[in-house]
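Visitor: one predicted model, sequence on top.
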Amino acid sequence: MMIKNLDDDSMSLCPVLLRPGRLGKEPLVQVLECYYDISYQDRSDGLFCGTGIYDDNLPAHNSLHVTDFDFSSVTAGDKVQVISGI
């Protein structure tokens, strides 16, 4: 259901997904990447077959280039430390 809401034209072009710690942000982001990223197009049937979102066949499905940023190693500090961590 969440993917269908994200794909709605009335949604923001840059939605922000906020979830508290230890409540599944990483698995959610991985599911979204698998659904939207064009590089998963050949594995889409195996990943989403039998789900409601697979049957909906939304236009943005496997049509985007997804960039994955990992900021887990960035620590708070002064500006130089933050920039060098990125």
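Guide: Now that the structure is in, tell me what you want to look at.

Visitor: quick one: contacts for residue 15?
Guide: residue 6 (C-beta atoms under 8 Å, 6 or more residues apart in numbering). C-betas here are computed from N, CA, C, even on glycine.

Visitor: please tell me how far it sits from residue 55.
Guide: Using C-beta to C-beta, to the nearest Å, we find residue 15 at a distance of 23 Å from residue 55.

Visitor: any weak-confidence spans in this structure?
Guide: Along the chain, the model assigns pLDDT under 70 to residues 1, 10-12, 74, 85-86.

Visitor: longest helix of it, counting residues only.
Guide: helix 25-36 (DSSP state H).

Visitor: output the contacting helices and strands for it.
Guide: helix 2-6, helix 44-48 (3 or more C-beta pairs under 8 Å, 6 or more residues apart in numbering; DSSP states H and E).

Visitor: in a markdown table: those helices, plus mean neighbour count.
Guide: Converted to a markdown table, the helices and strands packed on helix 25-36 look like this (neighbours: other C-beta atoms under 10 Å):
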| stretch | mean neighbour count |
| --- | --- |
| helix 2-6 | 13 |
| helix 44-48 | 13 |
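
Visitor: looking at those, which is closest to residue 67?
Guide: Evaluated over the helices and strands packed on helix 25-36, closeness to residue 67 peaks at helix 2-6, with 16.6 Å, by C-beta to C-beta.
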